[in-house]
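Trainee: Here's my sequence, what's the structure:
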Amino acid sequence: MSRLPPSTAQVRRLLASREIRHVVVLGANGTMGYGSAALFTQAVPRVTFLARTKAKAEEGLAAAIKQVRSPTVASRADVGSYEADLERTVGEADLVFEALTEDLAIKRAMFDRVEKARRDDAAVATVTSGLSINELCEGRSDSFRKNFLGLHFFNPPNVIVGTELIAGRDTDPDLLDFIEAFARLRLGREMVRTADTPAFAGNRVGFKVLNECAQLAEELGPVLVDRVVGPYTGRALTPLSTIDLVGWDIHRAIVDNVYESTADEAHDTQRLPAYMAKLMQKGVLGNKTGGGFFKRDGKTKLALDIASGDYRPVSEIALPDLGYVDDVASLYAQGRYEEGMQVFLAAEGREAEAARQVVAGYIAYAFHRVGEVAESINDIDRIMGMGFNWAPPSVLVDTMGARAAVELIEKAELSVPEVLVAAAKSGGPRRFFEHPHINVGRFFVAG
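Mentor: Reported below is the predicted structural model:
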C-alpha cells in the first residue's frame, strides 16, 4: 500500500513548524531553473535567481516572467551571479534549490560552496532528474546531509504538477514531511515519494518507453513511430517529439545512467541508439539546436532520415494504412474508452504490433518496479499521469481488463507481473487506479 497523503489539518500543522521566506535558485537561467524560480515566487516573498553572470540571471528572470505572465515574479525576484552573490544570498536563504546541468561533478562542486555558506537549518534541494541523492551529498557534514533532498519537478513546472520527493539516507523525516506539505499546499504539487534509485520513478519508466521508441525509429522512421505510438496510446505529446523537447543530451544522460546502473529485465531498451550518439557528435540536440527527429523550415515540418542524416518534408513521407488509429481516436472522442482499446488490441499489421509491444512494455515495466522505485503502483501511476501526462499503467489495465493486459504482455514475450496474473485469474471487477480527483478521460486523447 502507498502511504496516505496527510490531511489538510496535518498539512497546516506541518507548515507551521518552519518557514520558507527566501529561496535561492542556482542555475536560474536554464529552463528548469527559471521555471522553478517562477513557481516559487507564487508562494515565497523573495526568490533569488543566480547564474554564472548577472546578465544570465536577468535572462532567466525575463524568461520566467514571459513563461508565467505574472507580475508577481518580478516583484518578488532579485538576481545575481555566483561570483558576487552566492555566499551572501545562500547565507540568507531558507531553501537553496539547485538546478544545474545534469552532471554529478558540476553539482558536487557547487555544493562545496553551498555547504560553506548555508545556515545550519537551511534546506538544500536538487532538481536532478535521476542522479543519486546519496552520492550528491556523500562526505558532507551531518547538517548538510540531514537537510538535503531531491525535489524533482517536471518541465514546465508551472503547468505540470507531478513532483517527486526523494530522501537520502540521512534526510530528516520531519523536513521531508514539511517539504511535502509546503509543495502540496503552497505550490499546488501532486507529490510522490520515490526511492533513491537511478532516474527515480517517472523517468525510470518514462524514458524506457521513449528510448524504446527511438530504437524503433531506426526501423520504422520517426514519422511512423510518432503516429503509431501517438496520442491515442495515452500520451499528450508523441514520444520522439518529447525527446526533441527534453533535449537529446538530457535524454542521453538519463538513459545512460539507468543502463550503466541497473540490470533489470528491460535493460536493452535503455541502450541509447548508436545513430543518436553519432548525430549528437555533430551538434544535434533536439529543439534547443533547431532540430532533432523533427525540425521546421519556415512553415514546413521536416523529419529526420536516420540512414542519411538528412531531413525530408513530413508531407512527402508515405505511411501505410493506419485507419485503426482514427477509429480508436473517434471512439475516445465519444468517451467510449473500452471500445477504443479493444479496437487497438485487435488491429492488424506490423505497425499495430509495434505499438502494442511498446504499451505492453510500459505496463509490465511499471508494475515490476513496485517496491524498487516506489511503494505502490499508485505512486507510479500518479507520477506518470501528473508528471508525464501519460495514461497511468493502471488506467490502461483497467480500460482493457486484466486478462487482456496479461495476454498483451504474453504476446510481447515479456514477464507478466504476478499481481496482473492474479487479477486475471480472479476475473473480478478490481480496478487498479486509485485517485479521488483525477478523471481518467483526460488521458484518452482523440488524436
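Trainee: okay, CA-based contacts and neighbour counts for the rest of this
Mentor: OK.
Trainee: And the pLDDT at G168?
Mentor: pLDDT for G168: 97.
Trainee: Could you give the number of residues near it?
Mentor: 21 (other Cα atoms under 10 Å).
Trainee: Next one: N378 from G35, what distance?
Mentor: The spacing between N378 and G35, counted by Cα to Cα, to the nearest Å, is 27 Å.
Trainee: Could you check which of those two has the larger neighbour count?
Mentor: More crowded of N378 and G35, by other Cα under 10 Å: G35, with 26 against 23.
Trainee: tell me the contacts of the more buried one?
Mentor: Counting by Cα atoms under 8 Å, 6 or more residues apart in numbering, G35 touches A64, Q67, N155, P156, P157, N158.
Trainee: Would you format the residues you listed as CSV with neighbour count and secondary structure included?
Mentor: Formatted as CSV, the contacts of G35 follow (neighbours: other Cα atoms under 10 Å; DSSP: H, G, I helix; E, B strand; the rest coil):
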residue, neighbour count, secondary structure
A64, 26, helix
Q67, 15, helix
N155, 19, coil
P156, 17, coil
P157, 25, coil
N158, 21, coil
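Trainee: Between these, which sits nearest D256?
Mentor: N155 (20.4 Å; Cα to Cα).
Trainee: who touches that closest one in this structure?
Mentor: Contacts for N155 (Cα under 8 Å, 6+ apart) come out as T31, M32, G35.
Trainee: Go again with 10 Å.
Mentor: T31, M32, G33, G35, S36, V161, G162, L245, V246, G387, F388 (Cα atoms under 10 Å, 6 or more residues apart in numbering).
Trainee: now E338
Mentor: By Cα under 10 Å, 6+ apart, E338 lies in contact with V328, L331, Y332, F344, L396, D398, T399, M400, G401.
Trainee: Also T128?
Mentor: 32, 98-104, 107, 136, 150-153, 199-200 are the contacts of T128 under Cα under 10 Å, 6+ apart.
Trainee: still on that earlier bit, next step: the contacts of N155 restricted to helices.
Mentor: Judged by DSSP state H, the contacts of N155 include T31, M32, G33, G35, S36, L245, V246 as members of helices.
Trainee: So the last one is in contact with K288, correct?
Mentor: Looking back up the chat, that one is V246. Yes - under the criterion of Cα atoms under 10 Å, V246 makes contact with K288 at 8.8 Å.
Trainee: neighbour count winner among these two?
Mentor: Comparing V246 with K288 by other Cα under 10 Å, the one with more neighbours is V246, at 16 against 13.
Trainee: ranges for the helices of the stretch 51-200 of the chain?
Mentor: Here the stretch 51-200 of the chain has its helices, by DSSP state H, counting those that start in this stretch, at 54-68, 71-76, 82-92, 104-117, 133-136, 142-146, 173-185.
Trainee: Least confident of these, on average?
Mentor: helix 71-76 (a mean of 91).
Trainee: Give me the contact list for it.
Mentor: Residues outside helix 71-76 that contact it (Cα under 10 Å, 6+ apart): 22, 37-48, 61-62, 64-66.
Trainee: Could you write me a PyMOL select line covering just the buried ones among these?
Mentor: To isolate the buried ones among those in PyMOL, judged by 16 or more other Cα atoms under 10 Å, type:
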select buried, resi 22+37+38+39+40+41+42+43+44+45+46+47+48+61+64+65
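Trainee: Where does pLDDT dip in the chain?
Mentor: For the chain, the stretches with pLDDT under 70 are 1-8, 429, 447.
Trainee: how does it divide into domains?
Mentor: Using automatic domain parsing, the domains assigned to the chain come out as 8-194, 202-282+320-443.
Trainee: mind putting these in TSV, distance to D305 included?
Mentor: Below are the domains of the chain laid out as TSV (distance: least, Cα to Cα, whole Å):
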stretch	distance to D305
domain 8-194	28
domain 202-282+320-443	7
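Trainee: quick one, strands of the chain?
Mentor: For the chain, the strands defined by DSSP state E occupy 22-26, 46-51, 77-81, 95-98, 123-126, 148-153, 162-167, 190-194, 294-297, 300-304, 311-313.
Trainee: Could you export these as JSON lines, including distance to Y275?
Mentor: Putting the strands of the chain into JSON lines (distance: least, Cα to Cα, whole Å) gives the following:
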{"stretch": "strand 22-26", "distance to Y275": "34"}
{"stretch": "strand 46-51", "distance to Y275": "34"}
{"stretch": "strand 77-81", "distance to Y275": "38"}
{"stretch": "strand 95-98", "distance to Y275": "32"}
{"stretch": "strand 123-126", "distance to Y275": "31"}
{"stretch": "strand 148-153", "distance to Y275": "29"}
{"stretch": "strand 162-167", "distance to Y275": "32"}
{"stretch": "strand 190-194", "distance to Y275": "32"}
{"stretch": "strand 294-297", "distance to Y275": "15"}
{"stretch": "strand 300-304", "distance to Y275": "11"}
{"stretch": "strand 311-313", "distance to Y275": "14"}
